[in-house]
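>>> Generate coordinates for the sequence data below:
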Amino acid sequence: MNRSRMLMGGSVALLALFQVALAPGVQAAEPFKVGFIGAFSGPFASLGEGFDRGARLYEKLHAKDLPPGVTVQVIRRDDAGSPDNTRRIAQELIVREHIKVIAGIALSPQGFALAKLATEAKIPVVLMNATTSSLTRSSPYFVRFSYTQWHTAYSIGVWAGKQGIKTADSLVADYAAGVDSEVAFKKGFEENGGKLVNAVRAPMVTTDYLPFMERIKADKPDAVFTFVNGGRMASVSKSFTDTGLKAAGAKLIGPGDVALDDEVRNLPPDIAGVITAASYTVGNKYPGNVEFVKAWRAEYGADSTPNVTAVSGWDGMSAIYSAAKELGDGADSDAILKYLSNWKGTDSPRGDVSIDPATRDVVLPIQINKVEIVDGKPTNVTMETLPPLKDPWKTFNPE
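Residues are numbered from 1 along each chain as shown. Coordinates of the predicted model:
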């Protein structure tokens, strides 16, 4: 009898402890785990570093905003820009760390490599770069917080046609995002009276664009549309100048990727005159951007300049923190996916930004910028801001 009473008493005590563990305000047993995968080394490290810095800054400033008992744990891994690494790392994070969300992903090939695994494991993926339009259709668990090449390349094509530019050649990096940009520009340009005369594609590893510009020069286009990877625009603009295309009055135009705010300030003066359509410009006056830039420079230095990848990391982490705050660490994947797919940015540095729940893709304003020399430095100067735009590719290619 005494033994029975002891067992009952022990059970009551254990039950009480269990209830205390679940009570509001008590530390949760498991944090809201995020597997953060980026190219932090290798040729695309600038992309990984960009969205990582933006995400880390958001974490530092907003961890205090989480309710008692809820913590967000971010587990970072370097895929060095390799799709095989992305898939392997994601599998390890899912199986060993039991993550709730994957975030990051620098380029579209890494995203496509991850699609089947994310779908089978039912893990939401917050894309912070990876800009090929069709990527979000490769998995119903992908939600993009960056932009698509159609947002920017199509918009600059429309702009060029409306400005009376009649002919253009294109020069793009030969991979998914580059081809996406070429097709998007062609559609926007030709819908508005222009003609794409010749489409030139250069290998991703190319650093010398002079031979390609020599081919383009023979066409005597009114404009050259270009999309190349980070760090290569100096070579493109030099080739554009050296071949005499600039002197002949041709315009060098492209999506915002080719004139990122932090990179353009360190380029030679001949970058001046480049015109782009961008989803973020550091000089915009949105209240969220004023505060973001102030915090960025306090954290990373007064001379440091954020770019669109940093803002994508900030907004993506904002959505993750908001999901953790609203749903708690016990939320299942479908609830998290639904929340992320209906996210609206209330203080985004990009202004009126949201996710279209029908496509799980970002909706955001577009700025038409021209690089000018300001205080001795090449600087993006906004000429026009377009209203929030859904991904045009999905509009033209409904499921």
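>>> mean confidence for whatever helix or strand Ser239 lives in?
Ser239 is part of helix 233-242 when elements are defined by DSSP states H and E. Across helix 233-242, pLDDT averages out at 95.
>>> now the helix or strand hosting Val172 against helix 233-242, angle please.
Element membership of Val172 [criterion: DSSP H and E] is strand 167-173. Strand 167-173 runs at 150 degrees relative to helix 233-242, counting by axes from the mean of the first three to the mean of the last three CA atoms, to 10 degrees.
>>> how much distance is there from strand 167-173 to the middle of the chain?
The chain centre lies 23 Å from the centre of strand 167-173; the measure is CA atoms, centre = their mean, to the nearest Å.
>>> returning to that earlier point: centre of the chain versus the helix holding Ser239, how much separation?
The answer for helix 233-242 is 26 Å, by CA atoms, centre = their mean.
>>> could you point out where the stretch 201-350 of the chain is predicted with low confidence?
Across the stretch 201-350 of the chain, nothing is flagged by pLDDT under 70.
>>> Helix or strand for Thr226, just tell me which one.
Assessed by DSSP H and E, Thr226 sits inside strand 223-227.
>>> still on that earlier bit, now the angle between strand 223-227 and the helix holding Ser239, please.
Counting by the same axes, to 10 degrees, helix 233-242 points 160 degrees away from the direction of strand 223-227.
>>> who's in contact with helix 233-242?
With contacts defined as CB atoms under 8 Å, 6 or more residues apart in numbering, helix 233-242 is touched by 171, 207-210, 212-213, 224, 226, 228, 246-247, 250, 252, 258-259, 263-264, 267-268, 270-271, 274. C-beta: built from backbone N, CA, C; applies to glycine.
>>> Beyond that helix, next helix or strand please.
Assigned by DSSP H and E, the successor of helix 233-242 is strand 251-255.
>>> what separates the helix or strand following that following strand from the chain centre, distance-wise?
Remark: after strand 251-255, the chain's next helix or strand is helix 261-264, criterion DSSP H and E. Centroid separation for helix 261-264 versus its chain: 16 Å, with CA atoms, centre = their mean.
>>> Helix or strand next in line after helix 261-264, which one?
Helix 261-264 is succeeded, C-terminally, by strand 275-278 (DSSP H and E).
>>> Give the other helices and strands that the strand holding Thr226 contacts.
helix 155-162, strand 167-173, helix 176-190, strand 251-255 (3 or more CB pairs under 8 Å, 6 or more residues apart in numbering; DSSP states H and E).
>>> Go again with 7 Å.
Counting contacts by 3 or more CB pairs under 7 Å, 6 or more residues apart in numbering; DSSP states H and E, strand 223-227 is packed against strand 167-173, helix 176-190, strand 251-255.
>>> Can you show me the CA trace of the helix holding Ser239 as CSV?
C-alpha atoms of helix 233-242 as CSV (Å, rounded to 0.1, in the frame of the first residue of the first chain):
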residue,chain,number,x,y,z
MET,A,233,30.7,44.5,-64.3
ALA,A,234,34.0,46.4,-64.4
SER,A,235,35.1,44.2,-67.3
VAL,A,236,31.8,44.6,-69.1
SER,A,237,31.8,48.3,-68.9
LYS,A,238,35.4,48.6,-69.9
SER,A,239,34.8,46.4,-72.9
PHE,A,240,31.7,48.5,-73.8
THR,A,241,33.9,51.6,-73.7
ASP,A,242,37.0,50.2,-75.4
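>>> what is the orientation angle of it with strand 251-255?
Here helix 233-242 points in a direction 160 degrees away from that of strand 251-255 (the same axes, to 10 degrees).
>>> Give me the buried stretch members for helix 233-242, please.
Met233, Ala234, Ser235, Val236, Ser237, Lys238, Ser239, Phe240, Thr241 (16 or more other CB atoms under 10 Å).
>>> sorry, back to before: deepest-packed of the helices and strands packed on strand 223-227, please.
By mean neighbour count, with neighbours taken as mean count of other CB atoms under 10 Å, strand 251-255 ranks first of these at a mean of 27.
>>> neighbouring strands for that one, and are they parallel or not?
As defined by DSSP bridges, the strand partners of strand 251-255 come to strand 223-227 (parallel), strand 275-278 (parallel).
>>> Would you tell me which one of these is buried the most?
Buried most deeply of the strands paired with strand 251-255, by mean count of other CB under 10 Å, is strand 223-227, with a mean of 29.
>>> Alpha carbons of the host helix or strand of Pro388, as CSV, please.
Secondary structure from DSSP H and E places Pro388 in strand 377-389. Below are the C-alpha coordinates for strand 377-389, written out as CSV (Å, rounded to 0.1, in the frame of the first residue of the first chain):
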residue,chain,number,x,y,z
LYS,A,377,31.9,58.1,-56.6
PRO,A,378,29.7,56.2,-59.1
THR,A,379,26.3,56.1,-57.4
ASN,A,380,22.8,54.8,-58.3
VAL,A,381,20.4,57.7,-58.8
THR,A,382,16.7,56.8,-59.0
MET,A,383,14.9,58.4,-62.0
GLU,A,384,11.5,56.7,-61.5
THR,A,385,9.8,54.3,-59.1
LEU,A,386,7.3,51.8,-60.4
PRO,A,387,4.4,50.5,-58.3
PRO,A,388,4.6,47.0,-56.6
LEU,A,389,5.0,44.3,-59.3
